[in-house]
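*Asks:* Sequence first, predicted coordinates after that:
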Amino acid sequence: MSWAKKRIEQYKTGREASWLEKRALEHAEPIHFILIILSLPILVYGLWEHSWFFIGIGIALNLVGHINTWIR
């Protein structure tokens, strides 16, 4: 069992998560993790080329990952 799954089981039984653990578990979601991996090179390329279009797409993909995790 992975660290994330162990922690989730502990939280279901009443243990309170710290702020850092909540952030780590949020980023451990597979969909969120994939979207971050996709958005990072797009964002870096946009910053390199000074292209607001690519910067916006990179930020939007990252936000979609965060919103998806918050909804769950």
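*Replies:* Yep, that arrived.
*Asks:* Now do the contacts for residue 27.
*Replies:* 33, 36 (Cβ atoms under 8 Å, 6 or more residues apart in numbering). Where you see a C-beta, it was placed from the backbone N, CA and C, and this is true even at glycine.
*Asks:* Which residue, neighbours along the chain excluded, lies closest to residue 72?
*Replies:* residue 29 (7.4 Å; Cβ to Cβ, 6 or more residues apart in numbering).
*Asks:* And residue 60, by the same measure?
*Replies:* Closest to residue 60 by Cβ to Cβ, 6+ apart is residue 39, at 7.9 Å.
*Asks:* any idea whether the one you found is helix, strand or coil?
*Replies:* Assigned by DSSP: H, G, I helix; E, B strand; the rest coil, the conformation of residue 39 is helix.
*Asks:* I figured it hits residue 55, correct?
*Replies:* No - using Cβ atoms under 8 Å, residue 39 makes no contact with residue 55, being 10.4 Å away.
*Asks:* on that earlier part again, which residues sit in contact with the residue nearest to residue 72?
*Replies:* Contacts of residue 29 (Cβ under 8 Å, 6+ apart): 65, 68-69, 72.
*Asks:* Take these and write them to CSV, including distance to residue 2, pLDDT and neighbour count.
*Replies:* Output for the contacts of residue 29, formatted as CSV (distance: Cβ to Cβ, whole Å; pLDDT from 0 to 100; neighbours: other Cβ atoms under 10 Å):
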residue, distance to residue 2, pLDDT, neighbour count
65, 19, 88, 22
68, 20, 84, 13
69, 17, 80, 17
72, 17, 74, 9
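*Asks:* Now flag whichever of the residues you listed is closest to residue 3.
*Replies:* residue 69 (17.0 Å; Cβ to Cβ).
*Asks:* Can you give me the distance of that closest one to residue 51?
*Replies:* 27 Å (Cβ to Cβ, to the nearest Å).
*Asks:* just residue 19 next, same as before
*Replies:* For residue 19, the distance to residue 51 - Cβ to Cβ - is 34 Å.
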